[in-house]
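*Asks:* From the sequence below, what's the structure:
(chains A and B)
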Amino acid sequence: MQEAILGVLRRVAVIGVGMTRFGKLEDRSLMDLLAEASIKAMKDAGVDYEEFDSVYVGNMLGSVVERQTAIATALVDRLSLFPAAAETVENGPAAGASAVKNGFQAVASGLADLVLVVGGEKMTSLDTATLTDYIATMTHPEAEYMHGATLASLAALLMKLYEQRYGVTEEHVAMVAVKNHRNALKNPYAHLRREITLEEALQSKMVAEPLRMYYSCPISDGAAAAILCPLEKAGKYTDKPVEIKGIGHATDYQTLHEREDPAVLKSCKYAAEQAYRMAGLSPKGIDVAELHDAFSILEIVESEDVGFFKKGQGHLAVEQGVTELDGVLPINPSGGLKARGHPVGATGVAQVVELVWQLRGEAGERQISKNAKRGLACNFGGFGNNTLVHILEAIRK
Amino acid sequence: MFVIRIPRYWRSKGFRYRLEGYRCEKCGHFHHSPRLVCRKCGSRSIRRDRLSQTGRLISYTVVKSSTPLFEQYVPYVVGVVKMVDGSLVVGQVTDCDPEELREDMQVEVTLRKIRVDGENKLIQYGYKFRPVIE
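*Replies:* This next block holds a predicted model:
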């Protein structure tokens, strides 16, 4: 983002949010989920059906799981949002954050005044092995995928590197999972609402050494939605607008093993730096964060690469309770991908929804104890790659 | 359902069978897939080249749960190998008990069956690594 542009862009607010429960929702289709989340967000914002200029839908697997394409066209039809412009955004598991970014751009540029952003995914109708395969197709076809390198195996290699280089232990990784399960217990929308113990995590099934089942996210269905409009018009809908203050988006080498230093998620660093610059903030200005913990080790790595902690010290913050709900910097109060669930296309929007609730003070039992003014969300579209970072700020009267 | 169309598979045979790729003539960086521009230095002089037949295992994981076409092979080892020119390559490590593996051990390239495509019944071959018996 060029500094000169910032003065020209309109400021953008989130005026309403909503989401479905995440989980194994056998009775509902992808379209049912997208519609439910959208209607909840519309009710929250108090907007009428005929007002929308644009609809952006983040979805990754609709074409293979539901055998349905042009998802956004179908959603506009389902909700009678005609003649709103409709667009489906596919960006791997960052489809949701990319949809938010598209919505932001539409409003900030002046092309649209009222935008519905919704991310959703239907996953549980397929078995785990088949889904693991679909997800693995986002790795490099010849250099990773054909060798049976699953996303879990890449996370295992990263975890090993972290253990060897920074003295991270399996317990640290397990502690992240235990924390996120504990948070999800307080989140009525979460998929895994069950407390787990450290011992249970450490004894769970091995997926790819040293990564166990409890250090990876479940397979979930779900959708989340947010409604955006220019900040100057937000007062018409809500007295608690939340501004999208900064956006960053960057990529890195597709294959993990060829990156300059596989322990550094460069795209995450770049995206965060861009977002801080745009927001005029430093990492110290962030009160709460939603990070992409598809694998628990990633929460530790990201917490360093977005600048919260020094490289190699993220696990110490976990150990000291810094990232707990009542800590100095709560991470994944929602339960994260680990326990809220990871319906891939929904995740980026669900992170924004959680931050909006936290910043409006409406997160119920999991409301972080400090007075939250700014939140950061980080969503990956590849393994630690194609990262989007959003910074949100509460606007208080 | 998980089928890789045969022509797409055929097109990638150079790297899969022979670790044949594209080397930058200016900086020497090796690319496993076709490039018009070197991703390291931006040069456009790129020629076909092959990687060495041996390297050192720098990291690995034992995969115990996998995708449908690999499920019958679990547990299998996915390793990262540093070839003689310094290029890093991912591949399975075979012909050994995972317990015998250690980092920095010498491995060599071998052509093996990778998996059988469920729909086309295409037997997919490619390189794997095996320990060098010293």
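*Asks:* alpha carbons only for contacts and neighbour counts from here, please
*Replies:* Noted.
*Asks:* Between the two ends of stretch A:143-159, what distance do you get?
*Replies:* 20 Å (CA to CA, to the nearest Å).
*Asks:* tell me the mean pLDDT for it?
*Replies:* Taken as a whole, stretch A:143-159 carries a mean pLDDT of 95.
*Asks:* near chain B at all, it?
*Replies:* Yes - contact of stretch A:143-159 with chain B (CA under 8 Å from any CA of the partner chain) involves A:143-144, A:146-150, A:153, A:156-157.
*Asks:* so what's the closest residue to B:Val109 other than its chain neighbours up against?
*Replies:* The spatial neighbour of B:Val109 that comes closest, neighbours along the chain excluded (CA to CA, 6 or more residues apart in numbering or on different chains), is B:Phe129 at 4.7 Å. Shown in contact with B:Phe129 (CA atoms under 8 Å, 6 or more residues apart in numbering or on different chains): B:91-94, B:107-110.
*Asks:* Over to B:Arg16?
*Replies:* Counting by CA under 8 Å, 6+ apart, B:Arg16 touches A:142, B:125-127.
*Asks:* State the helix or strand in which the residue in the stretch 51-200 of chain A that chain B sits nearest to lies.
*Replies:* Chain B sits closest to A:Ala129 of the stretch 51-200 of chain A, with a gap of 4.5 Å, by CA to the nearest CA. Per DSSP states H and E, A:Ala129 falls inside helix A:128-136.
*Asks:* Helix or strand next in line after that helix, which one?
*Replies:* Per DSSP H and E, the first helix or strand lying C-terminal to helix A:128-136 is helix A:151-166.
*Asks:* relative to helix A:128-136, how tilted is that following helix?
*Replies:* Angle of helix A:151-166 versus helix A:128-136, following axes from the mean of the first three to the mean of the last three CA atoms, to 10 degrees, is 70 degrees.
*Asks:* sorry, back to before: and the helix holding A:Ala129, what does it pack against?
*Replies:* Secondary-structure packing of helix A:128-136 (3 or more CA pairs under 8 Å, 6 or more residues apart in numbering or on different chains; DSSP states H and E): helix A:151-166, helix B:68-71.
*Asks:* any idea which of those helices is most buried?
*Replies:* Ranked by mean neighbour count under mean count of other CA atoms under 10 Å in any protein chain shown, these are led by helix A:151-166, which reaches a mean of 21.
*Asks:* gap between that one and the chain center?
*Replies:* Chain-centre distance of helix A:151-166: 21 Å, with CA atoms, centre = their mean, to the nearest Å.
*Asks:* Out of the residues of stretch A:143-159 next to chain B, flag the one nearest to A:Thr347.
*Replies:* Looking at those and their distance to A:Thr347, the nearest is A:Thr150, at 20.0 Å (CA to CA).
*Asks:* Give me every residue in chain B lying close to chain A.
*Replies:* Residues of chain B lying near chain A by CA under 8 Å from any CA: B:2, B:12, B:15-16, B:32-33, B:59-68, B:70-71, B:78, B:80, B:88-92, B:114.
*Asks:* redo that, cut-off 6 Å
*Replies:* Selection of chain B residues close to chain A by CA under 6 Å from any CA of the partner chain yields B:61-65, B:67-68, B:91.
*Asks:* mind putting these in JSON lines, secondary structure and pLDDT included?
*Replies:* Shown next, in JSON lines, are those (DSSP: H, G, I helix; E, B strand; the rest coil; pLDDT from 0 to 100):
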{"residue": "B:Thr61", "secondary structure": "strand", "pLDDT": "97"}
{"residue": "B:Val62", "secondary structure": "strand", "pLDDT": "97"}
{"residue": "B:Val63", "secondary structure": "strand", "pLDDT": "97"}
{"residue": "B:Lys64", "secondary structure": "coil", "pLDDT": "96"}
{"residue": "B:Ser65", "secondary structure": "coil", "pLDDT": "92"}
{"residue": "B:Thr67", "secondary structure": "coil", "pLDDT": "88"}
{"residue": "B:Pro68", "secondary structure": "helix", "pLDDT": "86"}
{"residue": "B:Gly91", "secondary structure": "strand", "pLDDT": "97"}
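*Asks:* All set now, cheers.
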